[in-house]
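**Q** Return atomic coordinates for the entry below.
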Amino acid sequence: MNEEPTYRSFSDFELYSPDQIVKIPLSGRSSISIWRIIAISFSVISFQIAYSVEYAICGSMMKSLNLSNLYITLIYSTGPIAGLFVQPIIAHYSDILRSKFGRRRPFIIAGGVFIIIGFAVLYYISDKLDNLTKSQRTSRIVTLGVTLLVINIAINMVQSPARAIIGDLVPKTQQVLANTIAAMMISFAGFIGNMTGIALLANIKTLNMHQITIITGSILIILGIVLTCIFGTEESLNEIPARVSPFKEMYFAIKTMPSPISQFAFVYGFAWMAYFPFQILIPDFFENDIFNGKNIQGNDFGMLVLAVSNAFGLLYLLFQPKIIEKFHSKYVFFVSQVIAMISLIVGCFLTNKYGLMFTYMPLGISLAVCNSIPFAVIAVTVPQEQMAVYMSVINIFVVIGQQLSQLIVCVGIMKLTNNTAYTIGTASIFAFVSACLCFRIDSSLSLTTYSEFDSRDVMNDPIK
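**A** Predicted coordinates:
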């Protein structure tokens, strides 16, 4: 009678028996440890910290250069616009790359390097913004604009592969958990970014806080990329799929989107249309409407509201996997949009700063849901060789939603009403549309979270 072979793990995915070696990729396991999921997801914090540092330090830098709100808006628009063009290219080549370092990690590393280079330029010019001649001021503005464009392109080099590697490596039964962890990192980065912005505005004349922020942000970015690259062990493709040009591929991906992705994509896009005016206008709202033009106090409190909202979203995410075990993800998304709609409407009628903080705080749930559920849907729906492409497809809906919201609400409605509170509140219409679209989502799609970790997998994982 033959005895069953005993398997024992000596590495990330190699199981040895007395007479054979069986290679099991991470995604093929029944489960992996939560610490490994955190490590794989950690590069997400890199691109979000980069965004947060950019918004935190460049806002005060542009104010020091006396740039108008129009120019500030245009400069900030380079981020999503860069994503619209850069992410399809990165997604295309990361899906087909055959490298011993994997498909995603080379792009994550390259993007991280360019982010750090951009931060180095910001570090150099950040304390050279006072007492400038006209030509020096123009030079600083051009340098700042070009540097931010480079940083935004680099962020997008990291963003799509960082999302895709989670879908590639984490077992499908743990995708809700993994994308919830990624969303927690994004909320944490948003909290840190806004709290840093408050410190910067309080020290707007000394500006030495800029260097501290850049150094701290760079350390976190490097840490995130290193952890993902060490513990996110990828498999090389055996065959290169037949491919067309990146933008043709994106067109065909949109045209042939699996129904679960297309259903969530429109919900996701309208959800961002609802949230975006709040994110952009809230510091100016507190400065002009609540603090009567007191620049530092108003912006400080506006960013504090954003920070508290992110913290509330982070708190919610601790419970999201269990919530999705009990309720279908479409109902979770629906409730998040109803909450967003109520918060945005009620905020129109309040003038007390703490009442507004309490009212806007639940918007963090909407952001947290947006940053997790759609990506989990993609991860459980598409094969690995198309993962990055569909991560980029979903980003197109975000970018279009943000730009439409900026044009319709932040520019159009603002010009008609000349009232920031009503302008922010008007975006509740998009939350209502998003909530209604949730009922189009097919209930047969189940995002299964983990119930119990396989003790053998956890014990054998290098990260304890």
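**Q** what's the nearest residue to V267 once chain neighbours are set aside in contact with, if anything?
**A** What sits nearest to V267 in space, not counting adjacent residues and going by CB to CB, 6 or more residues apart in numbering, is L437, at 4.7 Å. (Each C-beta comes from the backbone N, C-alpha and C, glycine too.) If you count contacts by CB atoms under 8 Å, 6 or more residues apart in numbering, L437 has them with Q263, F266, V267, F270.
**Q** What's the mean pLDDT across the helix or strand where L437 lies?
**A** L437 is part of helix 428-437, with elements assigned from DSSP states H and E. Averaged over helix 428-437, pLDDT sits at 97.
**Q** before we move on, what about stretch 375-394?
**A** For stretch 375-394, mean pLDDT is 86.
**Q** Same question for that stretch: list its buried residues.
**A** Under the neighbour-count criterion of 16 or more other CB atoms under 10 Å, stretch 375-394 has 375-382, 384-394 buried.
**Q** and what of stretch 33-48?
**A** So for stretch 33-48, counting by 16+ other CB under 10 Å, buried means 33-34, 36-48.
**Q** Also stretch 397-412?
**A** F397, V398, V399, G401, Q402, Q403, L404, S405, Q406, I408, V409, C410.
**Q** Let me know the closest of those to I165.
**A** V398 (19.3 Å; CB to CB).
**Q** quick one: the helix or strand hosting A340 to chain centroid distance?
**A** Applying DSSP H and E as the criterion places A340 in helix 329-346. Helix 329-346 sits 19 Å away from the centroid of its parent chain (CA atoms, centre = their mean, to the nearest Å).
**Q** And for stretch 57-68?
**A** With CA atoms, centre = their mean, you get 24 Å for stretch 57-68.
**Q** tell me which residues of that stretch are tucked away?
**A** Applying 16+ other CB under 10 Å to stretch 57-68 flags I57, C58, G59, S60, M61, M62, K63, S64, L65, L67 as buried.
**Q** Now do the helices in the stretch 1-150 of the chain.
**A** For the stretch 1-150 of the chain, applying DSSP state H, counting those that start in this stretch gives helices covering 34-41, 43-64, 69-76, 78-96, 105-125, 134-169.
**Q** cool, the stretch 251-400 of the chain as well?
**A** 259-285, 295-317, 320-326, 329-346, 353-360, 363-370, 373-381, 387-405.
**Q** and the closest residue to K172 other than its chain neighbours, how far is that from P321?
**A** Residue nearest to K172 in three dimensions, not counting chain neighbours: V380, with 4.8 Å by CB to CB, 6+ apart. Using CB to CB, to the nearest Å, V380 is found at 14 Å from P321.
**Q** what's the answer for V308, then?
**A** Distance of V308 to P321, computed by CB to CB: 23 Å.
**Q** Ok, K128 next?
**A** K128 sits 48 Å away from P321, going by CB to CB.
**Q** The two: which has the busier surroundings?
**A** P321 (19 against 12; other CB atoms under 10 Å).
**Q** Now do the same contact list for A120.
**A** Counting by CB under 8 Å, 6+ apart, A120 has no contacts.
**Q** Tell me where this protein is predicted with low confidence.
**A** In the predicted model, the chain carries pLDDT under 70 at residues 1-28, 30, 69, 129, 196-209, 236-243, 294-296, 446-464.
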